[in-house]
Every structure is written in structure tokens, then in C-alpha cells.
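*Asks:* Give me a model of this one.
(chains A and B)
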There are 2 protein chains.
Amino acid sequence: MADSQPELPEAHHADLESMLSRKFGKEVANYFSGSPLNRVSFLRTDHVFLSQAFKHPSASFLLFNELSPLVRSSAELAFVRLADIQPLVGPDPYSKPEAELIRDYNSAAPTPQLIFLGLDGRWRKEGEDKSGFVYKDVYKGAPFFALDVTPAEGGGESVVALRSKAEDLIKKFEGEDLRFEGGRHILSFPALDAAIYAAARHTMDWNKRNPFCAACGYPTLSTNGGFKRTCPPADQNPAAKPLPPGGTLTTSTIEPPTNRPPCPTRNAISNVSFPRTDPTIIVAVVSADGRRLLLGRQARWPPRWYSTLAGFIEPGESVEEAVRREVWEESGIHLGRVVVHSTQPWPYPASLMIGCVAQAVPGEDGEKIDMGHDAELEDAKWWAAEEVREALNVGSAGLGEEPGKDYKGGLRVPPRTAIAHQLMLAVVERGFVGGGVPKV
Amino acid sequence: MADSQPELPEAHHADLESMLSRKFGKEVANYFSGSPLNRVSFLRTDHVFLSQAFKHPSASFLLFNELSPLVRSSAELAFVRLADIQPLVGPDPYSKPEAELIRDYNSAAPTPQLIFLGLDGRWRKEGEDKSGFVYKDVYKGAPFFALDVTPAEGGGESVVALRSKAEDLIKKFEGEDLRFEGGRHILSFPALDAAIYAAARHTMDWNKRNPFCAACGYPTLSTNGGFKRTCPPADQNPAAKPLPPGGTLTTSTIEPPTNRPPCPTRNAISNVSFPRTDPTIIVAVVSADGRRLLLGRQARWPPRWYSTLAGFIEPGESVEEAVRREVWEESGIHLGRVVVHSTQPWPYPASLMIGCVAQAVPGEDGEKIDMGHDAELEDAKWWAAEEVREALNVGSAGLGEEPGKDYKGGLRVPPRTAIAHQLMLAVVERGFVGGGVPKV
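*Replies:* Residues are numbered from 1 along each chain as shown, chains lettered A, B, ... in the order given. Next comes the predicted model:
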């Protein structure tokens, strides 16, 4: 595998490259991966740790408003300090043990979503931790958090007060020449910041998208430093007391008193309580002779813009099966060999892109395009390796951007920060498909 | 990559092997993958297709009671015919278009969960479709469905009637020497049946685990042949009319009349509406000298039973990052190279196991075991390749089973149907770790 893998892409990956290629040898580290943070996930239930990390002067906070991050410019995230956000979050949201927060849960008194992202591990590379944060003599590095400052919706005293504080905070930052700017097409943060942002945005989105328990329908609260949503047995909100249609008042098996029906997530660990990541295949399909690439396009994309085929992995599928199914459904092509190339976390909203290179079965049965199955793509066609190489060089840009001045009007493809670009590059420049396939 | 990949495992994979190795060359097809079914996922919204498939005499139904499948024996699934289940499901649950079912949704009148799994594609190998089922002259093969016969819980006329029919059906099958037998440790179905079962169980479990909308808290209904849960704008159940605490009566943007508050899943595609699959890493860690393997054990496992380390991939992680984090958190080991070996769908409840082989960084910094971080494992230790080889030969069995007669009391490992076994085998027998690492 190592021999046939491409080098790391140059672009935004200069810092990743120096770190990874020295330490780990050849490995494709795609944009949005390569976080410098140590998640210390086992400390997320330790409120003493979270509290100390939160209050430490080296702590950094990445803010989100409606899932757009606070930035200095399209190319620079703005990390702020505790003092900047204290009016919204108060002195210490981690002062109480989690069990107490669950016991005292009140759906009428929401708190801003806070996520503990990890401890900065860059000191390991540089040789010394300068943050001064140490926990139990072992866990070091400046703490990073994400915070949602989206003004809360709805009525009730607590909600109105929270909304007003959030609006004040947003105004303050915007007065300091910062702004909230997001959108999935901004791919210009430096690599290490982009990786922090990807984990933060994905986890923030999951919390905001899942305010109710999928198992019982009742509102949940954020726990485990933002990496769990717990369905509490009781709700102190007086308006919440009535039971839902068909519900029965029972004593929870976990923690009386309760005014909610039993919920299976309280008696056993359930995946619905934890962040969701959707495994997705994305694939550069090579013709049987290795000289052409299959690319497809959606109707909403700019003219002449094509990319590699992609789709969600379904229950009961291996990666190879999902690749073969998606490619057949979207283009009618039958695939032979499928190999995994690299992976990319993609936080719009929650994908893990598993990048593959695959080869079509020769002849009419394998390579003939048939768009009559799934209507997802507007078009799919075979492109000569030379056309794809040219597009990677001059026709590559973000979806909202114009290609560079050398672009002459041919094929357009995604930017090098997208794994689609790296997969095409692996095929046309680096001969990823081995085993008798001529280098195109 | 092809050169360093192991052959297909022999065991349960005889039929897969002949199918895949001829067609696709070397590829590890793990147990639970390799389904013979064509999902034709783009036809799931076509009720005319579903209805014809459902009523076709070649249709097969796999039944589940509390997520245990109907079997003839531990080694044989029982597929039944439409006539067998018609008392429970009625003449044609797909007679109406989906839009009508959504419009007429009534939470007090549940229907048994039905899942369209796909069309049997084995005729492609054998050269002729004998089922006689054809749709639009293109889509052929005997249809497969899964059906939940778990007796419904709760009160209300419809629910009581449904429960009684389900109980009758269960009694009938149990009188015919069939039984519902499940549990995650039964791994003895033939490979192709196991793959059908894996997709069915995973999708069934997802439907049962997610009866409420995580975005708004209201009950949902199954659509898209069992592959979507739709949050309808209105509920004909009179008991459902009152709004929840804090809710406001509004007109849905989609389809008035409505007696529910707006839900974001109605205005945009949301992943919460679709089956969840949890990407999970599982890794055979090799020492820097390539002569030892790192294996760990959980406290609840039988004595001397060890396996490869595993854990969920988190938001914003590549596969390699998740592998390095999990291994460090659970054992203190620092990894260098990580390569993907193969994948395995694992329907307990919803994992996609991404199997890797990785290598520890040499020396004290890399290879020293430290169990002090995450408390998940009871033990982790380095095993000589020779001990692992011996265990794969004589100490391998399912968690509930005894090892064979040649077992002398040493290390025990998972059965060959588990990807953990295949990863160990890849290392100790087939020298998967290349790039200068001596074959152990």
C-alpha cells in the first residue's frame, strides 16, 4: 500500500506534512483531518478536569452562530478567551458533577451549548508545553472549546435573558472587526485550524440537530463535555409535567423521582445518545484500460463542473459493496477491484468520506453508462486522463469560486482540499491503481 | 495494496470466495458482507414496485421477534412466504403512495415494520433469473423483505388487535419447529444468508430504536421501504392534538392541515431521517520489530480471551487518527503507520468495522503499555506472534462457545467470522505489514 500511495498534497498541508511524513511515513492526510488536539475523551465525564480546563488562562474558544464560525477573515478563525464569553456562559458551567445536572434538569432553562474539543498537543512536536495547563501530572496542553452563541428562540424568562446576552456578545465581536462566516465552501483555513473547526462544527451541528430523544421523544441535555445527549428521568419545568398521549407515569429504574416515562437509553448504552458520523464512500472510477476516469455532476453545480461519485454506506454493507452499488445505481457501470485510498472527515454535516479507487469491468457489460437507474446525477461520463490532469492543474476551485486565469473553458473539478481532487490526482499523476494497470 | 492483502478466509466464505475472487481478484470479504441482493435503493419510493415485489410468489420474508430472527436451527435462517404472514400484514401494505400514508398518519394505529431488502442477484452468477419477477423490463430477481412480528406494546384497539395477530403468528411458527433465536454470538449462518440477515437486523434495529423524531420529539412513520423515518405534519390520533409544552400551533410549510409544530426534517433532507451506521475502527497493532501483537480484553469476557482494540470514530477524525487515539487511550501505545485492511458490517447494533493494521513507534515512548488513561479495557498486553498463531489455530471460538479439543489453555481469540480474527491472521500468517517489517 505504501508504495502505491501518493505523497501528501502540498497546499494547505505543509504543516501536516512535516509532522506526519516524518513520523508516520507516507500517508494521505486530507484537509479537515490532522487535528493537533488530544481529545482525552475519557476525561469528558470528569467535571473537575473540565472546570479547570475551562478556567485556565490558556483556554481558547471557537464560537458558532447558526453553525458559522467566528473568523477574522475567510482564511483565519478567531479563537477568543474566557473573559470574552463569560457574560454568556457564567463563571463555571462545569462546577457541578454531571449527575447533579441531570437530576436538576429543567427544559425551560437552557444553557449555551459548550463542547470540550481537547488539549493542544503541538507542544509534543515543539518539545515543551508553554500553556501551563496540567491535570493529574499527565494531561497537558492549552484547552480548546467550542461555544454556540446563536440567540435562543422561544419565550420564557430564562430563554429571553439568554437570547439578550447572546445578541450583546455577537454585537461586541462584530464591533471588533470579527464576523461569523461559514458555509460549506470555505476551505481556506490553515490545515490545523481546519481540523479543529471540523470536529467542532460536526459536534455542534449534532447537538443542535438532536434536541429530542429519538427513543422516547423527550428533550435531552448535553453531557460528556458536549459528546453525549442524556435523556434525564425528570424535568423541573412545570409545563413539562403532563405525560404525552399514550404515556404512563412510572418510576424510572435509574433515578427517582421522575415525571417522564421510562426510556431505553437510561437502562443501556444506546448509540442515539452519542454523536452520529455517516460513513460515505467517494470513488475515482478508472476504466478497464486505466486510461479514462468516470466523473459525474449534479444539476445544481456550475457548468462543466464534474466530480467523483459518492454516496452513503448503508446498513450491512462493506466499503467495497457500497462503492459497487453506488456506482452502478448512479451510472450503470459495473466495478471490479475496489481499494481504499484515504479518508476525510467532512463536517457538512457529519460525514466520514472513505475515498476509494476502483476499476470498471471491461466491455459493454462493465463500462457502458446508463443513467436510467437513480436520478441523483444529471450526467456521468468518461474523461480522458489528460483532460482530468489539465482540470486538476487549471480548472480546480471551490464551488463558489472562479477557476484561475489559465483555465480555458474545459472540465472543472473540486479544489485540492476536497478528497475528490486527491483521488483524481492519485490516479492520473501517481498511478494509484497497480496490479497490471498501466499508468495513465 | 493488492500484493500485501491476504487471501479470502476459507471458512464460511467458500461461496463468497468463488464469486468474488474470480470477479474481483484478491479482496477480503468479511462475514456479514457479500450480500447477493441488489438493493435497487432508488425504487424504494416507488410503491407500485414495492407492491408488485411484495405480492410476487417468489418473495421471501425474514421475520424478527425482539430482533431475533426466525430460524430452523442455529445454522439456518427460515425465510417464509407471503401467505404465512398475510394475517399480520394484510393484503398489501404498499397499495397507497407514500404521500398518502404520510397525510393519513395516525400514531394510534401502528403497522408492523416491513423492510424491502432487495432483489436476489444470484441469477447473474447462474445465468438466468428463475424467480419470474421483473419490473420495468430491467429489475429482476426474487424479492426479499424483513418483517417485525414483535407483539406491539400499549393500549388502544388497533394496538391490541395487532398484538393478538402477532402472538398468533409466533405460536404458529413455533408449532412448526421454527424458533426465534438471535443474540450477537450466533455467527453460523451460511455467508450469503448472514449478509442478508446483517442488513435486515441493522435496519430493523434502527427503526425500532428511533420511533421519535430527534429534531422535534414527535413520533415518526416508516417510509422508503423501511429506509427512512418521516416526521409527518399531522397526526390523526385525536389524543395527539394537544401541543407540547412551549410549542406553538403553526401551519406546516409542506402540507396543511397540520396539528404539529414545524420540524426542520420536513423542509430539508436531514440525516436523522435515515438509517444510522457507526463507523468503528478495529486494529491489529504490531510491535516496531513486527514480532508481537497488542491484544486487549474486557472484564466481562471469558478468562484468557483477548482481541484486537476497537472504538468508534469521532466527529472530525480520519480513520488513521481514530486508530491512533483509541490505541493510545486504551493502552498508552503510540502508533506510527496505520493501513486499512478490510471492512465488516456488524449489526450489533449498527457498526461498520474498519479493520486496520498499525505499527507501534519503537522504544519506551511508543511500546510501553499504560492502562491509566481510559478504563475501558481490563488488560492489554503484547503477545508473541507464535502465541497468536497457536490461538488462531486452536483457541478460536465464539464468545458463548468452548474452544476445540486441541486447545491447551493458552490464549483465546474470536472466531474467524470476526474481523478481529482476520486482522490477526493477516499479520501472523500473511505478513500484511510490509515496508521493511520482517514477516513474523
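
*Asks:* Just the mean pLDDT for stretch A:101-114, thanks.
*Replies:* What stretch A:101-114 shows for mean pLDDT is 94.

*Asks:* Can I get it in PDB, CA atoms only?
*Replies:* Provided in PDB are the C-alpha atoms of stretch A:101-114 (Å, rounded to 0.1, in the frame of the first residue of the first chain):
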ATOM      1  CA  LEU A 101     -27.100  18.500  36.300                       C
ATOM      2  CA  ILE A 102     -29.100  15.500  35.100                       C
ATOM      3  CA  ARG A 103     -31.100  15.400  38.400                       C
ATOM      4  CA  ASP A 104     -31.800  19.200  38.200                       C
ATOM      5  CA  TYR A 105     -32.600  19.300  34.500                       C
ATOM      6  CA  ASN A 106     -35.100  22.000  33.500                       C
ATOM      7  CA  SER A 107     -36.100  22.200  29.900                       C
ATOM      8  CA  ALA A 108     -37.300  25.800  30.400                       C
ATOM      9  CA  ALA A 109     -33.800  26.900  31.400                       C
ATOM     10  CA  PRO A 110     -31.400  26.100  28.500                       C
ATOM     11  CA  THR A 111     -27.700  26.800  28.700                       C
ATOM     12  CA  PRO A 112     -25.500  27.600  25.700                       C
ATOM     13  CA  GLN A 113     -24.000  24.500  24.000                       C
ATOM     14  CA  LEU A 114     -20.400  24.100  25.000                       C
END
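
*Asks:* Outline the domain layout of chain A.
*Replies:* Structural domains annotated on chain A: A:31-273, A:278-428, as defined by automatic domain parsing.

*Asks:* For the host helix or strand of A:S164, name the packing helices and strands.
*Replies:* Per DSSP states H and E, A:S164 falls inside helix A:157-175. If you count contacts as 3 or more CB pairs under 8 Å, 6 or more residues apart in numbering or on different chains; DSSP states H and E, helix A:157-175 packs onto helix A:82-89. In this view, the C-beta of every residue, glycine as well, is placed from N, C-alpha and C.

*Asks:* and the next element down the chain from the helix it packs on?
*Replies:* That would be, after helix A:82-89 and using DSSP H and E, helix A:98-103.

*Asks:* in that next one, what counts as buried?
*Replies:* A:E98, A:L101, A:I102 (16 or more other CB atoms under 10 Å in any protein chain shown).

*Asks:* Which residues are in contact with the first one?
*Replies:* By CB atoms under 8 Å, 6 or more residues apart in numbering or on different chains, the contact set of A:E98 is A:T45, A:H47, A:T223, A:N224, A:T230.

*Asks:* ok, now how distant is it from chain B?
*Replies:* 16 Å (CB to the nearest CB, to the nearest Å).

*Asks:* returning to that earlier point: pick the most deeply packed of the domains of chain A.
*Replies:* domain A:278-428 (a mean of 20; mean count of other CB atoms under 10 Å in any protein chain shown).

*Asks:* Where do the helices of chain A begin and end?
*Replies:* Secondary structure of chain A, counting by DSSP state H: helices at A:14-24, A:47-55, A:82-89, A:98-103, A:122-126, A:157-175, A:191-209, A:264-267, A:319-331, A:364-367, A:385-394, A:419-428.

*Asks:* tell me which strands and helices the second one is in contact with?
*Replies:* Here helix A:47-55 touches strand A:114-120, strand A:134-135, strand A:143-148, going by 3+ CB pairs under 8 Å, 6+ apart.

*Asks:* could those go into TSV alongside distance to A:G355?
*Replies:* Shown next, in TSV, are these (distance: least, CB to CB, whole Å):
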stretch	distance to A:G355
strand A:114-120	25
strand A:134-135	36
strand A:143-148	26
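
*Asks:* Now distance to chain B too, for the ones you listed, in a markdown table please.
*Replies:* Putting the helices and strands packed on helix A:47-55 into a markdown table (distance: least, CB to the nearest CB, whole Å) gives the following:
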| stretch | distance to chain B |
| --- | --- |
| strand A:114-120 | 9 |
| strand A:134-135 | 12 |
| strand A:143-148 | 11 |
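
*Asks:* For the stretch 301-440 of chain A, give me the ranges with low pLDDT.
*Replies:* Across the stretch 301-440 of chain A, the ranges flagged by pLDDT under 70 are A:430-440.

*Asks:* Disregarding residues adjacent in the polypeptide, which is nearest to the residue of it found nearest chain B?
*Replies:* Chain B sits closest to A:G316 of the stretch 301-440 of chain A, with a gap of 2.7 Å, by CB to the nearest CB. Counting by CB to CB, 6 or more residues apart in numbering or on different chains, A:G316 lies nearest to B:A199, which is 2.7 Å off, once chain neighbours are set aside.
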